[in-house]
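Peer 1: Fold the stuff below for me.
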Amino acid sequence: MTAFSILPIKEYAYGYEIYYPAFFHKLGMQGLGIFGGIFFIIGFSIAIFASSGLAIFVGTIFSIFGTAIISYGLYDFLMETHIYYDDTHIISKRHLLGIPIKEISLKIDDKIEILYLDFLRRPLKKNKIDKFAFLIVQKGDKQIVLAKYIESIKAQKILQRYFEKTLLKKRVLEDN
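Peer 2: Next up is the predicted model:
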């Protein structure tokens, strides 16, 4: 198993590209869709069958919360991402249905970090294991998500080693 078999990475003469087309992250949409759907159905049922104002209010809040979760899952599912990287820069370009949303550019230097976030986007401890980790590159307050919903712990370790060698090779070579 290599990073090239785990992620859709292409190598070019000028560097590398990771391309996540729309509909790529099915796991995220399925999980968020089911989770949000449960909240929506419970809230909608409470609101429809309630006889008091408080129950209708609580049901409406649950329904709105469920709809927000489903909407985020759909947004993540329809998002198209291009990540370009070489020895000096990482550039992430995101599009939603062909419309440019966000572009982030990071210069690779000593201040760059590669780390994992859990599903709720909190940093993972080194000894903690998470089934749906996000691998990110961070510099200051800017973050670029390199990989999402990595289920296998073995795949997480392979990707981390690959990106440390590729992106931090100057630092790795200086440390040796």
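Peer 1: which ones are touching Phe163?
Peer 2: 3, 114, 135, 137, 146 (CB atoms under 8 Å, 6 or more residues apart in numbering). Bear in mind the C-beta positions are built from the backbone N, C-alpha and C, glycine included.
Peer 1: From Leu159, how far off is the third one?
Peer 2: Read it as Leu135. Per CB to CB, to the nearest Å, Leu135 is found 6 Å from Leu159.
Peer 1: Please identify which helix or strand holds the closest residue to Glu113 other than its chain neighbours.
Peer 2: Using CB to CB, 6 or more residues apart in numbering and skipping residues adjacent in sequence, the residue nearest Glu113 is Gln138, 4.8 Å away. In the assignment (DSSP states H and E), Gln138 maps to strand 133-139.
Peer 1: partners of that strand in the sheet?
Peer 2: Here strand 133-139 is paired, per DSSP bridges, with strand 113-117 (antiparallel), strand 142-150 (antiparallel).
Peer 1: mind checking the SS state of the most far-flung residue of the chain relative to its centre?
Peer 2: Distance from the C-alpha centroid of the chain, by CA atoms, centre = their mean, peaks at Ser51 (41.4 Å). Following DSSP: H, G, I helix; E, B strand; the rest coil, Ser51 is assigned to coil.
Peer 1: and the most centrally placed residue in the chain, what pLDDT?
Peer 2: In the chain, the C-alpha nearest the mean C-alpha coordinate belongs to Lys148, at 4.0 Å (CA atoms, centre = their mean). We have a pLDDT of 77 for Lys148.
Peer 1: same question, Phe44
Peer 2: At Phe44, the model reports a pLDDT of 90.
Peer 1: swap in Tyr162?
Peer 2: 84.
Peer 1: neighbours around it, how many?
Peer 2: Other residues near Tyr162 come to 19 when the count uses other CB atoms under 10 Å.
Peer 1: residues in contact with it?
Peer 2: Counting by CB under 8 Å, 6+ apart, Tyr162 touches 2-3.
Peer 1: In three-state terms, label it for me.
Peer 2: helix.
Peer 1: Tell me how many other residues surround the nearest residue to Leu135 once chain neighbours are set aside.
Peer 2: Excluding the flanking residues, the one nearest Leu135 by CB to CB, 6+ apart is Ala147, at 4.3 Å. A count of nearby residues for Ala147, using other CB under 10 Å, gives 22.
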